[in-house]
Structures are given as C-alpha cells and as structure tokens.
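[1] Turn this into a model:
(chains A and B, ligands or ions: 2)
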Amino acid sequence: MYKYDEYDHAMVDARVAEFSDQVRRRLAGEITEDQFKPLRLMNGLYLQLHAYMLRVAVPYGTLDSRQMRMLAHIARKYDRDYGHFTTRQNIQYNWIKLEDAPAILEDLASVEMHAIQTSGNCIRNISSDQWAGAAADEITDPRPWAELLRQWSSFHPEFSYLPRKFKIAVIAADEDRAAMRLHDIGIQIVEKDGQHGAAFYVGGGMGRTPMIAPLIKDFVPLDDMLSYAEACLRVYNRYGRRDNIYKARIKILIHELGADEYRRQVEEEFKHVKSLGIDPPKAEFDRIAAQFAPPPLDASAPDAIDRSDPDFAVWVDQNVAAHKAPGHAIVNISLKPIGGIPGDASSAQIDLMADLAEKYSHDELRVTHAQNIVLPHVRKADLYAVWQALDAAGLATPNLDLISDIIACPGLDYCSLANARSIPVAQKIATRFSDLGRQKELGELKLKISGCINACGHHHAGHIGILGVDRKGTENYQLSLGGSGAEDVSLGTITGPGFDEDGVVDAIERVTDKYLAERTEGERFVDTFRRVGMAPFKEAIYG
Amino acid sequence: MVEHIHSDGEEPAVTLDAFLSQSNATAVRLEPDEDARALIPHLDRLALIEVAFPKFRDGRGYSSARILREAGYAGELRAQGDVLVDQIAYMKRCGFDTFAPEKALNPADVEAALARWPEHYQGAADGAVPIWKLRHG
Ligand code: HEM
Ligand code: SF4
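    Residues are numbered from 1 along each chain as shown, chains lettered A, B, ... in the order given. Ligands and ions are numbered 1, 2, ... in the order given. The predicted model follows:
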C-alpha cells in the first residue's frame, strides 16, 4: 500500500489548515455561502436535506486496517454510528456538523486520509479495480498508475475550476470491474512490445445524458501519461460548455466535437505540453510501485477448502473469487443484507472488517463501486474463520452480483435533488427476491437504482435499472433493461411507462420470469435481453 | 512579491479585437472565451495582459495564463474581476503576478493563502520545483 512520505503529509496538513481557516471565515460571516460552497465541496462537504454530508476519499478504494478503524471512529464520534460506502469507492457520513468538519479532517489526516477533491468541479478521487494486486486476470497492478494520477491531480492549479466534475478510473485487466468507460477518463493499462502503457478512453459518464467513452488513444507510454492527461484536461477546461450545467461534462464536448476532432486538438496540445517537462521520471513510478509490491503471501498455503458446512460452501461459491496466488482467495463482503440499506455499515461492522483484514488479509481492504468491501489476500485455509466472523456480524450475505446485490443512491431519504426514494425500493426488491435459491437461479443480475436523473446509482449501467422520476408530485419509477458497466458496457433501454413503488417490484418479477422462460443454456439475464430484445419483456410487463 | 492592487495612471487595456486589428497598445484584456494563443505573435510588445474573471467559477483564465507564460510572456499578467482570496494561490501558480479583485481582499488572508502550500505536486507556470523532482533530485 502507498505510504505517505514527508511531502504527502505536508500537503494534506496544509489542506486541513486551509479548510479550517475557510470554515472559520464562513462561520464568522466573512465569506458568503455562495463563495464557501465550492471550497467546502472541494473538501467533500455537501449540504443535504437534513444536514451536511462528508465524503471521505479512499484513493483507488484501498485501505489498511488502521484507516478502516478511523472510519468507524468518525462514524461513532461525529455521526450516527454508521457510514455509507459509495459507488465511487468512497465513504460518506450523512449527519455531520460544519463545526466538526475541521476536527474530522484532522483525525483523517492522522491516518493518511482526507476528503480532498471528493466533490466540486475538479478532478475527483481516482477509482480503480477493487481486486487490483490480487486478480488472476490483471496484467499488472493498476494502482501505481492511479497514484501517479492522484498526485498530479491533487491541488492542480489549472484544473480546479473546470466546467464540471471530472472522474478518472484506472484498470489493468480485460474484465472491467470499475465501470471504466463510464468515466470522464477511463484508462486501461495494456501491453505493447513488452511495455505497459495507458489506453485512454475519454468522454464517458452517466447523468441525464449517459455516454460510453470512445477510445481516444490506444497506447500512451508511461513517460507521457501525465502530459497526455494534462492535454485532455486543458482542451476540456478551455472549450467545455459553461453556459448550461447539464451540458458541461466532457462527454458533451466530445459528443459535439466528435471523437476525431477532440483527439486532434488533444494531440496538438500534447505536443506542446510534452515540452514542459511535467512527467516525472521512471524512478518516481518505481518508488510508488515498490509500495504496491505483493504482500508476503504464504507460498505453501493449501489449496483445498473444507466445504463440509453447507452455509459456508454457499458463501464460498458466491462471494469468493480467484486470487492470482495459489492457496489464496479474494473475499467479497456484501453490504447488502436482505432488507438493509445498500452500502451502509455500522461502526462495529467497520471495526470487525478492519480486524479481519489485519488478521487474515495482509492488512488490506478495498471498497468496491458496487458498494461492497473486499479482503483481497486471504488464505483459503482461513476462509472458514473469516466467514464465521462475518456471519456473526451480519456480513455474510452470499449474494455477490445477484439480484439483491443492489446499487442504490441515497435518494429522497437524504438527497435534496431526489425525485423519489431509492432505499425503500431496494429493500422491497431484495425482500421480494429474498429466497437464495431463486436468486441463484436468476444468476448474475446487476440491479441499480437512482433517485433522479443524475444517475448516482448507475441505473443506466444496470442489467435492470430503476430511475425515480417525479410525476405530478408522486414518486414514480422508470424501468430500463440491458445496461452494463462491465467490459460488455452498454446503456439500458427504458421499458415504457413508469410504476409506483410496488408496481416496479411487480414489473421486475415479470421481467425475471420472462427471462427464465426465454433463456438458453448458460445465458445471463443481460445476454438473453440482448438476444431477444425488448419486445417480449415489454409484453410481459404491460400485457 | 505579489501586488494586489494595480496602479493608477497606467495605459488602459484594450480588447483583444481592438489590439489585433490596430494597435500599438501595450496592454490588452482577455475575456474567458478568447484564445490566449492569438496573442503569442505579439508577446514581446505587451507590458500588461489582463485576464478577466467575470465569475470565479469560470476557470478558463487559468489555462489562458499558463498558455501565455508557457509561450514565454514575461510582462505583467493580471487577474481581474471576481478574484477571491481562496483562488489566488492557484492563480499565482498559473502565472499571474498581479490581482485586481472587484472586492478588496483582506491582506492578512492573502498573505496566509499565498504562504499556505509548502510544496507542489505538479509543475505549473510559477517555476516551483514539483515534489517528484524534490524526491529524485
Ligand atoms: C447529496 C447527495 C448527492 C448529490 C447532491 C449528488 C449530485 C450529483 C449530480 C448533480 C450528478 C450529475 C452530474 C452530472 O451529470 O454532471 C451526480 C452524478 C453522480 N453521482 Fe452523485 N450526488 C449525491 C450523492 C452521491 C452518492 C451517495 C454517490 C455514490 C453512491 C454518488 C455518485 C455519483 C455518480 C457515480 C454519478 C454519475 C457520474 C457520472 O455522471 O459520470 N453521488 N451526482
Ligand atoms: S441520483 Fe439523484 S437522488 Fe440519487 S443521490 Fe444522485 S442526485 Fe441524489
């Protein structure tokens, strides 16, 4: 894991001091809310319906147990004893007092954490593959590349007042576990002539106009990566639309210019930027990469798993994934208990996951964009002990990637922009499909819910997506089918007229029944949908 | 050191159009939507470029400033308009050396803001040595 050196510490400390001063000036009335807003946003502080919400950055989703315990401490001390893990691999606290924010940031800084650039029209926290460093299918660990980008983008003087927020994801496997092409810049580390380089996909995003990022450059060598990113951003900062907030994301610029014209402008800017000497030497990459060296795994760890406890075996089959090292496995902890709030964890649960990471996973945890937690490096021989501890804490729901592993935004329960509630719908769907045999029969089915068109819950990328819309003051839900945020990326199609809260649950049941009737051997829901199209599903829903 | 108020009696800055079409003016004002690169052929006869920030949220002027400095402009580069204390450290890094805020800034806050950052992660237009270079010499 990356460890701060004196420079990183000094930068975060300076930021805490700066923000404490800004809060002081705001509380003293020296700056207006309008002037304070972008400052607090760049420090992760949102004003929600009932209170401030603080969003803490978890760079590329990686944490150690000390940091995880600090997250529990903050939930306990400053919030209501729980935190909410988000689709951007961060954690949010929903009940924060402005006066407490500087103290929280100081607590975070003591464990090398912060809330920098988790919000605002700047380059946000960089996200990555939650299995980085452990996945059997990666060509290299993407996190050193992400860390280079993190440092480059932190307090970037030119790109802190962009037209709109800017999100970057970095992966290094063909299987896309980070929704890479739905980011403003999605980077895939690829290999060419024995060298690793970055493929740049630019202009993806969700929101009201979802777009899949086109490939802008198939191979940017490591030595050029920051210059290339700088060129991509400069073209956007200069020419991205600022007349209409809904058209301000880079996806709109690229859509309006066309990918070829955008690429031409970037290449021209890149030629110039490259002459400025902003790319660090290979030695800096090597310094970072050394800190992501694989943990000292037990080379003689046995490969066999004792499956005699049937409940344990069910969990292993659903929530445990292949590790690149023999005798080891990746444990996925579901934060989606049936009827619970997707992504929420209590302080006690957060502490327990920290303990398990320390004891069984080389002190590492990950947050996933599907709002779950990962223990990346567990010996297979330890899986049973891990499972028992998780089970006792209500954290062993064996539903990874099944219909009840729902992504849901905070919706009308918290969010001032919401049209409709997301959480109760997620709870009703999970409850309707609570029978595990039925869920497994349906197989991989990614269900995603957003409470409004901003699409924080990734509904466009759901195999089944639900969008809350406001119809004459009553909550109404639109259903879409066939989206995906993975390597088979696609955007969902709306089925037709919307439903009320119970109606949408009924409609999903008709959709899944139809799938079971139509599918051929080995087809996932989304495969069947792609093969047969919308018509049979529409017929099943609306008659 | 950075100057916070501009002096009286200087030549008024003309618009980019006026500058390009006539003139022997030595001071020009650049609006956010104007291309800083249009000035590149003329940099050696300019003494002042004033970059307008009608709204502090509009960050195009940061790119304009860097482009001008990267092209070798060595004269006065002024940020004018909705220039707030919380933006000036970034502005300075992008190459601005004077500020003409619409609303006067508290000098103590300005000093604190400019002294805030011990080092910088990335290279920009202020000549600061980036952290990666400090690490590797
Ligand atoms: C107070 C609560 C929140 C507010 C006001 C808010 C606001 C917004 C807005 C306005 C957008 C649309 C941006 C655009 O299209 O330009 C957006 C998109 C998004 N938000 Fe949120 N959000 C909130 C909470 C969350 C939470 C809790 C998460 C994570 C679980 C989240 C993750 C996202 C994601 C992934 C997107 C889509 C990104 C994209 O368009 O590429 N947001 N949010
Ligand atoms: S999708 Fe809409 S309702 Fe949900 S969190 Fe985002 S802004 Fe709020």
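
[2] For the residue of the stretch 151-300 of chain A found nearest ligand 1, the count of nearby residues, please.
    Per CB to the nearest ligand atom, residue A:207 is where the stretch 151-300 of chain A lies closest to ligand 1, at 2.3 Å. Glycine gets a C-beta too; all of them are placed from N, C-alpha and C. Residue A:207 has 18 neighbouring residues, counting by other CB atoms under 10 Å in any protein chain shown.

[3] give me the number of residues near residue 31?
    Answering for chain A, as no chain was given. 20.

[4] ah, no, chain B please
    15.

[5] helix/strand/coil for the residue lying closest to it once chain neighbours are set aside?
    Take residue B:31 and drop its neighbours on the chain: the residue closest to it by CB to CB, 6 or more residues apart in numbering or on different chains is residue B:52, 5.2 Å away. Under DSSP: H, G, I helix; E, B strand; the rest coil, the three-state class of residue B:52 is strand.

[6] how many neighbours does residue B:118 have?
    12.

[7] Identify the spatial nearest neighbour of it, chain neighbours not counted.
    residue A:10 (4.8 Å).

[8] On the three-state scheme, the one you found is what?
    helix.

[9] gap between it and ligand 1?
    Distance check for residue A:10 against ligand 1: by CB to the nearest ligand atom, to the nearest Å, it reads 30 Å.

[10] Verify the stated contact: that residue with residue B:120.
    No. Look at residue A:10 against residue B:120 with CB atoms under 8 Å: they stay out of range, at 10.7 Å.

[11] Show me which of the two is the more surrounded one.
    Using other CB under 10 Å as the criterion, residue A:10 and residue B:120 rank with residue B:120 on top: 21 against 15.

[12] which non-adjacent residue is nearest the more buried one?
    Per CB to CB, 6+ apart, closest to residue B:120 is residue B:128, 4.9 Å.

[13] Any stretches of the chain with poor pLDDT?
    Here I'm looking at chain A. For chain A, no stretch is flagged by pLDDT under 70.

[14] Please refer instead to chain B.
    B:1-9.

[15] what about the strands in it?
    B:14-15, B:27-30, B:48-53, B:76-81, B:98-101 (DSSP state E).

[16] tell me the most buried of those?
    When you average the neighbours per residue for each of the strands of chain B (mean count of other CB atoms under 10 Å in any protein chain shown), strand B:48-53 leads with a mean of 24.

[17] Let me see the contact set for residue A:495.
    A:478, A:479, A:480, A:481, A:507, A:511, A:534, A:537, A:538, A:541, A:542 (CB atoms under 8 Å, 6 or more residues apart in numbering or on different chains).

[18] okay if I get those as JSON lines plus distance to residue B:133?
    Supplementary listing: those in JSON lines, determined by distance: CB to CB, whole Å:
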{"residue": "A:478", "distance to residue B:133": "52"}
{"residue": "A:479", "distance to residue B:133": "54"}
{"residue": "A:480", "distance to residue B:133": "49"}
{"residue": "A:481", "distance to residue B:133": "52"}
{"residue": "A:507", "distance to residue B:133": "59"}
{"residue": "A:511", "distance to residue B:133": "57"}
{"residue": "A:534", "distance to residue B:133": "56"}
{"residue": "A:537", "distance to residue B:133": "58"}
{"residue": "A:538", "distance to residue B:133": "60"}
{"residue": "A:541", "distance to residue B:133": "61"}
{"residue": "A:542", "distance to residue B:133": "64"}
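
[19] The residue nearest to residue B:120 contacts residue B:118, correct?
    No. The criterion here is CB under 8 Å, and residue B:128 misses it with residue B:118 at 10.5 Å.

[20] Closest one of the contacts of residue A:495 to residue A:150?
    residue A:480 (33.4 Å; CB to CB).

[21] The helix or strand where the closest one lies close to ligand 2?
    Counting by DSSP states H and E, the element that carries residue A:480 is strand A:474-481. No. Strand A:474-481 stays clear of ligand 2 (CB under 6 Å from any ligand atom), getting no nearer than 11.3 Å.

[22] what does the next helix or strand after that strand contact?
    Next helix or strand after strand A:474-481 toward the C-terminus (DSSP H and E): strand A:493-494. With contact meaning CB under 8 Å, 6+ apart, strand A:493-494 is reached by A:478, A:479, A:480, A:481, A:482, A:534.

[23] Tell me the strands beside strand A:493-494, with direction?
    According to DSSP bridges, strand A:493-494 forms sheet pairs with strand A:474-481 (antiparallel).

[24] mind checking how far the partner strand is from the chain centre?
    Relative to the chain's own centre, strand A:474-481 is displaced by 23 Å; criterion: CA atoms, centre = their mean, to the nearest Å.

[25] can you check stretch A:343-352 too?
    18 Å.

[26] buried set for it?
    For stretch A:343-352, a neighbour-count test (16 or more other CB atoms under 10 Å in any protein chain shown) marks A:343, A:344, A:345, A:346, A:347, A:349, A:350, A:351, A:352 as buried.

[27] how close does the residue nearest to residue B:120 sit to residue B:89?
    11 Å (CB to CB, to the nearest Å).

[28] again, but for residue A:158
    Taken as CB to CB, the span from residue A:158 to residue B:89 is 13 Å.

[29] So those two - more neighbours on which side?
    residue A:158 (25 against 20).

[30] Could you find the closest non-adjacent residue to the more buried one?
    What sits nearest to residue A:158 in space, not counting adjacent residues and going by CB to CB, 6+ apart, is residue B:62, at 4.6 Å.

[31] and what of residue B:19?
    residue B:28 (4.3 Å).

[32] partner residues bridging the one you found?
    With DSSP bridges as the rule, residue B:28 is bridged to residue B:14, residue B:49.

[33] Just to check, it is in contact with residue B:39?
    Yes. Using CB under 8 Å, residue B:28 is in contact with residue B:39, at 6.7 Å.

[34] Give me the common contacts of the two.
    B:16, B:19, B:46, B:49.

[35] From residue A:272, how far off is the last one?
    Translated: residue B:49. Taking CB to CB, one finds residue B:49 at 19 Å from residue A:272.

[36] Quick check: the residue of chain B nearest ligand 1.
    For chain B, CB to the nearest ligand atom, closest residue to ligand 1: residue B:57, 14.4 Å.

[37] so what's that residue up against?
    With contacts defined as CB under 8 Å, 6+ apart, residue B:57 is in contact with A:38, A:121, A:161.

[38] Now go through those residues and say which are in helices.
    residue A:38 (DSSP state H).

[39] Of the contacts of residue B:57, which are in range of chain B?
    Among the contacts of residue B:57, proximity to chain B is found for A:38, A:121, A:161 (CB under 8 Å from any CB of the partner chain).

[40] The closest residue in space to the last one that isn't next to it in sequence: how many residues sit nearby?
    To tie it back to what came earlier, the one meant is residue A:161. Leaving aside its sequence neighbours, residue A:161 sits nearest to residue B:59 (CB to CB, 6+ apart; 2.8 Å). When neighbours are counted by other CB under 10 Å, residue B:59 registers 27.

[41] Can you check what angle separates the helix ranked longest in chain B from strand B:76-81?
    Scanning chain B for the longest helix, with DSSP H as the assignment, gives helix B:60-70. Counting by axes from the mean of the first three to the mean of the last three CA atoms, to 10 degrees, helix B:60-70 points 180 degrees away from the direction of strand B:76-81.

[42] Render the CA-only coordinates of helix B:60-70 in PDB, please.
    Taking Å, rounded to 0.1, in the frame of the first residue of the first chain, the C-alpha atoms of helix B:60-70 are listed here in PDB:
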ATOM      1  CA  ARG B  60     -10.800  29.300 -18.300                       C
ATOM      2  CA  GLY B  61      -8.500  32.100 -17.300                       C
ATOM      3  CA  TYR B  62      -6.200  29.700 -15.500                       C
ATOM      4  CA  SER B  63      -5.400  28.000 -18.800                       C
ATOM      5  CA  SER B  64      -5.000  31.300 -20.600                       C
ATOM      6  CA  ALA B  65      -2.400  32.400 -18.100                       C
ATOM      7  CA  ARG B  66      -0.400  29.200 -18.300                       C
ATOM      8  CA  ILE B  67      -0.500  29.300 -22.100                       C
ATOM      9  CA  LEU B  68       0.900  32.800 -22.100                       C
ATOM     10  CA  ARG B  69       3.600  32.000 -19.700                       C
ATOM     11  CA  GLU B  70       4.500  28.800 -21.500                       C
END
